[in-house]
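In: show me how the following folds:
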Amino acid sequence: MAKEKISADQLISVIISGIEDVKGKEISILDLREIENTVCDYFIICEGTSNTQVNAIVNSIQKKVSKELKDNPWHVEGADNAEWVLLDYVNIAVHVFQKHIREYYDIESLWGDAKTTVIETSY
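Out: Numbering: from 1, shown residues only. The predicted model follows:
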């Protein structure tokens, strides 16, 4: 039985929902499709206030995507210290930061040519 193809919009929606379930902060989507030589189509970036919350966000995303879309990240990096965790869903890379690490690396500026969408949260 062939696996159903998941659209980027579906995956982004479920990832955002997973972040919001555990009150992830400062959520941004960077659309990289118009930029040459990128590693993926989208970055989703958010932050947590502690190692515990960063891990909670990562776990929430993984559980929700697995349950709703039957998909798992191709690779997970940085979960040991939970300051910057990367979830690689091939065409979508999710970056979950602690605030000070996000400010230090400032990847939104590095990808300044990308179309950025900020997700408003109500918490």
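
In: which non-adjacent residue is nearest the residue positioned nearest the centre of the chain?
Out: Residue closest to the average C-alpha location in the chain (C-alpha atoms, centre = their mean): residue 94, at 2.3 Å. With sequence-adjacent residues excluded and distances taken as C-beta to C-beta, 6 or more residues apart in numbering, residue 94 is closest to residue 87, at 4.0 Å. From N, CA and C alone the C-beta is placed, and that goes for glycine too.

In: pretty sure that neighbour sits against residue 79.
Out: No - if you go by C-beta atoms under 8 Å, residue 87 and residue 79 don't touch, sitting 9.1 Å apart.

In: which one of these two is surrounded by more residues?
Out: Shown here are residue 87 and residue 79; by other C-beta atoms under 10 Å, residue 87 has more neighbours (25 against 15).

In: surely the more buried one is in a helix?
Out: No - secondary structure of residue 87 (DSSP: H, G, I helix; E, B strand; the rest coil): strand, not part of a helix.

In: Provide the partner residues of the residue nearest to residue 94 in its beta bridges.
Out: Counting by DSSP bridges, residue 87 forms beta bridges with residue 76, residue 94.

In: quick one: contacts for it?
Out: Going by C-beta atoms under 8 Å, 6 or more residues apart in numbering, residue 87 touches 58, 61-62, 73, 76, 93-94, 96.

In: who touches both of residue 87 and residue 79?
Out: By C-beta under 8 Å, 6+ apart, residue 87 and residue 79 have these common neighbours: residue 58.
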